[in-house]
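In: Build me a model:
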Amino acid sequence: MKTYPPPPSKRNKYPEPVKEWNAAHLATLDPTTSRTRLFDPSNPDRPNVGDILLTTFRNNDPFSGVCISIRRRGLDTAILLRNRLMTVGVEMWVKIYSPEVKSIEVVKRAEKRARRARLYYMRKPKHDRGSVEGEVEEYLKRRRLIRSGALGVKEPGMSGKRGISAKRPEQGKVGVGAK
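Out: Residues are numbered from 1 along each chain as shown. Model (predicted):
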């Protein structure tokens, strides 16, 4: 009787296949690593729960809302935004690495740090913040004024003075793909 050696193991070639698969897909979905850096826990300017975020999708359809939850799961990282549209509370999960998401901007930071990781209590009428459309419109108006140069403030990356502070998003643009 003749014995044959076992077939070559794929384990030697791919010791951690899931990690390699995630790294390969992350390189295609976020080639500039801007979204990874934006949501990195060590980033002091990262969006936190309680902040108002504006997401623009590929078809230029914006959705803004209060960030209720941030789920960090590698490629599956997502944020839960809540807004009130036509007196009805609307929530939307936005996957930050989705190819449909064009940009994520921080419109307004929360006044105080949230003492919970998930603000699900904001669904109750007592704590509901209501519509954030007024604050988003004010932010967009200020952003247009900054771009036109009417405020005399220069955008980051422009030569000259320091530009807009990234710690105070109400003064300018902050976020992935912000324009």
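In: ok, Val90 to Asn48 distance?
Out: Applying C-beta to C-beta, to the nearest Å, the value for Val90 to Asn48 is 21 Å. Quick note: C-beta positions are derived from backbone N, CA and C, even for glycine.
In: what's the answer for Val18, then?
Out: Distance, Val18 to Asn48, using C-beta to C-beta: 29 Å.
In: What of Ser9?
Out: Distance of Ser9 to Asn48, given as C-beta to C-beta: 45 Å.
In: Which of these two has more residues huddled nearby?
Out: Legend: neighbour count by other C-beta atoms under 10 Å for Ser9 and Asn48, higher for Asn48 (14 against 8).
In: Verify the stated contact: that one with Cys67.
Out: Yes - assessed by C-beta atoms under 8 Å, Asn48 is found in contact with Cys67 at 7.2 Å.
In: Go through the protein and flag its longest helix.
Out: Counting by DSSP state H, the longest helix found in the chain is helix 133-148.
In: could you give the mean pLDDT of that one?
Out: Helix 133-148 shows an average pLDDT of 89 in the prediction.
In: Show me which positions of it end up buried.
Out: For helix 133-148, a neighbour-count test (16 or more other C-beta atoms under 10 Å) marks Glu135, Val136, Tyr139, Arg142, Arg143, Ile146 as buried.
In: What of stretch 28-36?
Out: For stretch 28-36, the neighbour count (16+ other C-beta under 10 Å) marks Leu29, Asp30, Arg35, Thr36 as buried.
In: Arg109: which of those is nearest?
Out: Closest approach to Arg109 among the buried residues of stretch 28-36 (C-beta to C-beta): Arg35, at 18.7 Å.
In: Helices of the protein, start to end?
Out: So, for the chain - with DSSP H - the helices run 10-13, 17-29, 34-38, 133-148.
In: and of those, who's closest to Tyr120?
Out: helix 133-148 (21.5 Å).
In: what about Ala110, how many neighbours?
Out: For Ala110, the count of nearby residues is 15 (other C-beta under 10 Å).
In: Use 7 as the first number for this chain going forward.
Out: All right, first residue 7 from here; so that's Ala116.
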